[in-house]
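**Student:** Turn this into a model:
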Amino acid sequence: TVASLWSMYCDVTISLMSLAKHVAARAACLIALPIALYFCLFVVHFSILTNSGPGDSFMSSSFQSTLIGNELHGSDAPNSIAYGSVISLKSLRYSGGLLHSHMHLYPEGMVQQQQVTTYSHKDNNNHWRIKPAKGEALTTGEPRFVKHGDIIRLEHVPTRRNLHTHAHPAPITAT
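**Tutor:** Prediction:
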């Protein structure tokens, strides 16, 4: 297309108006029309597919709240998080997983720590409770909100074990 337009540009028998019409027609058919079709297909896609499905966990929480049948449908995300809240943490990477754990411990040779990984589907093993730093009590009554810079603990709700970080690599980590 570019080569034929260049040869038309170099052809002195073709007027500039005719060349401009060729450029406009090719730009409309090869650029504008495909872009318009692409966006129209998305409009149709999102107007038809408004229900929840098995791939919801790959989408952001704000998008999930627009899907009919999703547990987040119609809900607003809170502006603040209080101590004692149960949350799920999701990686921001493409198709990022949710912080996940089971009552599986690392094998011998390690301190008997619980295995923690990411998992792409929602289940109860993705639930973590926000607790204050060690030595501080989790108060009842008036909620106490987490502030920027607070040191917190994450407790795995099903197993009631805290998330630990330390300098020991997992047994399968290459060193």
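**Student:** What are the boundaries of the strands in the chain?
**Tutor:** Per DSSP state E, the chain carries strands over the ranges 86-87, 98-105, 114-119, 128-132, 152-156, 161-162.
**Student:** Export only the CA atoms of the third one, formatted as CSV.
**Tutor:** Written as CSV, here are the backbone C-alpha positions of strand 114-119 (Å, rounded to 0.1, in the frame of the first residue of the first chain):
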residue,chain,number,x,y,z
GLN,A,114,3.1,-23.3,56.7
GLN,A,115,3.4,-23.3,52.9
VAL,A,116,2.1,-20.0,51.3
THR,A,117,1.7,-19.5,47.6
THR,A,118,-0.6,-17.8,45.1
TYR,A,119,-3.7,-19.3,43.6
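**Student:** What is that strand packed up against?
**Tutor:** Under the contact criterion of 3 or more Cβ pairs under 8 Å, 6 or more residues apart in numbering; DSSP states H and E, strand 114-119 touches strand 98-105. All C-beta atoms are positioned from the backbone trio N, CA, C, and that covers glycine.
**Student:** one step back: for G141, find the nearest of the strands of the chain.
**Tutor:** strand 128-132 (14.5 Å; Cβ to Cβ).
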